[in-house]
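[1] Sequence and predicted structure are below.
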Amino acid sequence: MNLNTTYMGIPLKNPIVPSASPMSENVDNIRRMADAGAAAVTMFSIFEEQLRIEAAALDHYTSMGDNIYAESTSFFPKGDDYHIAPTRYLDIIHRASEAVDIPIIGSLNGMTSEGWIDYASQIEQAGARALELNIFMLPTDPRVSGARVEESYLDIVKAVKEIVTIPVAVKMNPFFSSIAHMAKRFEEAGADGLVMFNRFIQPDFDLDELEVVPNLTLSGPGEIRLPLRWIAILYGKLGVSLAASRGVHSATEVVKYLLAGADVVCTTSALLKKGIPFITTLLNDLTAWMDAHEYESVEQMKGSMSQQSIADPAAFERANYIKTIEHFKRHHAASNPW
């Protein structure tokens, strides 16, 4: 059984890639992921705010005695909010790349092109084989148009591609007004891969303290449907690699993503819940499914249920909406008390 795949031009022994998570803050964990069969590991994200805090601190100490001090540093999150300093992040990448024989993918989380361009180069120099741009903008100003937001995303990709030679993936969000068009524009800006999709953490309300608080809920298998649809639609229409992200909790989701056209399948929540050895389970179950359905390779599976490959391409578009509603009414309405 041939599980080999290629992601952004990088040959991989299989399609399973642990995505960015706190687990990769420890080189021993990365070594365990490799031993369990991971084809590559995406590092936890370093945040633009962390880079600015470090830069502001350096500026403060090198300018002591001057009459000018950047009071704006008080607007940044406290350094204690981040327990991994940018310099240590580079050290982890360097040590991980020497400890395992699988590619290490760096991850940058930012919102401006100025905040992280130089750091992208340092990540490459530390030994990362590729870089994932985890761009998170929250345009709350009603005067900022969608077109302007899109240009900001593209500017970041162009700027990073000008300074690094390693492949660059963009972790897309699903909120662009035209996902297919934006995917094409990312390709034109130089992106080598698209990760579909980013899963943003949303705030919550604490009703006892009347405070806005962070709230992290791990993904569930039902979350695969949105990226599954778009990977199936975009397969064969772009010249970039497609990575599936969200909702991978068993080999079932892995198989579906590959059939849609994904080059790699990323997972975090399942490993946080079930442990790093679950990677081996995913690979064993994937192999068993392929054997039972007479697939000889991942490449043979890839895209075989994409929009361009199935008998009814409209199943991925608006026509399927009507079919879904009618199917629900036929099978559920008669027995429902409402």
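    The structure has been received and is ready for your questions.
[2] For residue 134, name its beta-bridge partners.
    residue 109 (DSSP bridges).
[3] In space, what's closest to residue 152 - neighbours in sequence excluded?
    Among residues not flanking residue 152 along the chain, residue 137 sits closest, at 6.4 Å (Cβ to Cβ, 6 or more residues apart in numbering). Bear in mind the C-beta positions are built from the backbone N, C-alpha and C, glycine included.
[4] quick one: the one you found is in a helix?
    No: if the criterion is DSSP: H, G, I helix; E, B strand; the rest coil, then residue 137 is coil and not within a helix.
[5] Hmm, residue 149 and it touching each other?
    Yes: between residue 137 and residue 149 there is a contact at 6.1 Å, judged by Cβ atoms under 8 Å.
[6] Quickly list what's touching both of those two.
    Here residue 137 and residue 149 share no contacting residue, scored by Cβ atoms under 8 Å, 6 or more residues apart in numbering.
[7] what about residue 263, distance to residue 154?
    Separation of residue 263 from residue 154 (Cβ to Cβ, to the nearest Å): 22 Å.
[8] Run a quick neighbour tally on residue 96.
    For residue 96, the neighbour count with other Cβ atoms under 10 Å is 25.
[9] again with residue 249
    Residues near residue 249, counting by other Cβ under 10 Å: 22.
[10] my read: it touches residue 223, true?
    No: in this structure, residue 249 is not within contact of residue 223 by Cβ under 8 Å, at 9.5 Å.
[11] Surely residue 308 is in a helix?
    No: per three-state DSSP, residue 308 lies outside any helix segment and is coil.
[12] returning to that earlier point: distance of the residue nearest to residue 152 from residue 143?
    Distance from residue 137 to residue 143, by Cβ to Cβ: 15 Å.
[13] and the helix or strand encompassing residue 291, which residues are buried?
    Per DSSP states H and E: residue 291 is located in helix 278-292. The neighbour-count check on helix 278-292 (16 or more other Cβ atoms under 10 Å) flags 278, 279, 281, 282, 283, 286, 289, 290 as buried.
[14] Need the pLDDT of the last one.
    Residue 290 carries a pLDDT score of 98 in this model.
[15] quick one, what contacts it?
    With Cβ under 8 Å, 6+ apart, residue 290 has these contacts: 1, 296, 298, 301.
[16] Can you say which of these are buried?
    Of those, these count as buried by 16+ other Cβ under 10 Å: 298, 301.
[17] which two in the contacts of residue 290 are spaced the farthest apart?
    Distance extremes for those: the farthest pair is 1 and 301 at 11.0 Å, using Cβ to Cβ.
[18] Mean pLDDT per helix and strand in this structure: which one sits at the bottom?
    The least trusted helix or strand in the chain, going by mean pLDDT, DSSP states H and E, turns out to be helix 48-62, with a mean of 53.
[19] quick one: which of the contacts of residue 290 is nearest residue 268?
    Closest to residue 268, out of all of the contacts of residue 290 and judged by Cβ to Cβ, is residue 298, at 20.9 Å.
[20] low-confidence ranges in the chain?
    50-84, 111-115, 216, 318-324, 329, 332-338 (pLDDT under 70).
[21] can you map out the helices along it?
    Counting by DSSP state H, the chain has helices at residues 27-36, 48-62, 86-99, 117-126, 146-163, 179-189, 225-234, 251-260, 269-274, 278-292, 298-301, 318-332.
[22] quick one: residue 303 and residue 257 touch, right?
    No: applying Cβ under 8 Å as the test, residue 303 and residue 257 come out as separate, 10.7 Å apart.
[23] between the two, who's got more neighbours?
    residue 257 (30 against 21).
[24] isn't residue 86 right up against residue 116?
    No: judged on Cβ under 8 Å, residue 86 makes no contact with residue 116 at a distance of 9.8 Å.
[25] Of those two, which one has the most company?
    residue 116 (27 against 19).
[26] mind checking how far that one is from residue 122?
    10 Å.
[27] Residue 263 and residue 154: which is more packed in?
    A side-by-side neighbour count of residue 263 and residue 154, using other Cβ under 10 Å, places residue 263 first with 26 against 19.
[28] And that one, how far from residue 233?
    From residue 263 to residue 233 the distance is 15 Å (Cβ to Cβ).
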